[in-house]
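Q: Sequence first, then the predicted structure:
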Amino acid sequence: MTQKAAIDFNAIFDFQKRAMAPFLDLNQFAVRTFERAARHSYETAGEALEFGIAQAKAALSATDPQQLAAKQTQLATEFVGKQTVRTNEWLTIASQAQAEMGKWAQAANQEITAAVRKSA
């Protein structure tokens, strides 16, 4: 009668945890970045909606074309200022995401390199 080798399920589970850890980190990074971008887009869309409503109100309340032009110029200047700030925020979000992704890739590469060297 031959004996079957016992399967060490704890070792298998530990291996799976180690193998999936970088991907779990990547998933968390992706969700955080997506949420941040979605919130930023929502705020930007809200400002665009407010700008449109303010322009409609200005058109309805203007008594002459010069008053309307002055109010629309003021509203457009404010909106462009806000959008300039939003554009800089987008650049910040993108650069932070790129830096974090670079760190993740470097850490994953080091883990893989260490595992390959250990097995060789």
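A: That came through fine. Predicted model only: the values in this text are computed from it and were never measured.
Q: Can you tell me the centre-most residue of the chain?
A: The C-alpha lying nearest the average C-alpha coordinate of the chain belongs to residue 33 (C-alpha atoms, centre = their mean; 2.4 Å).
Q: Just after the strand or helix carrying that one, pick out the following helix or strand.
A: Assigned by DSSP states H and E, residue 33 belongs to helix 9-61. Going down the chain from helix 9-61, the next helix or strand is helix 65-119, by DSSP H and E.
Q: circling back: ok and the helix holding residue 33 relative to helix 65-119, angle-wise?
A: Angle, helix 9-61 to helix 65-119, by axes from the mean of the first three to the mean of the last three C-alpha atoms, to 10 degrees: 170 degrees.
Q: Return the list of helices and strands in contact with helix 9-61.
A: Counting contacts by 3 or more C-beta pairs under 8 Å, 6 or more residues apart in numbering; DSSP states H and E, helix 9-61 packs against helix 65-119. To be clear about C-beta, it is placed using only N, CA and C from the backbone, and glycine gets the same treatment.
Q: Touching, the residue nearest to the centre of the chain and residue 99? I think so.
A: No. The criterion here is C-beta atoms under 8 Å, and residue 33 misses it with residue 99 at 11.4 Å.
Q: roughly how far apart are residue 54 and residue 75?
A: Counting by C-beta to C-beta, to the nearest Å, the gap from residue 54 to residue 75 is 5 Å.
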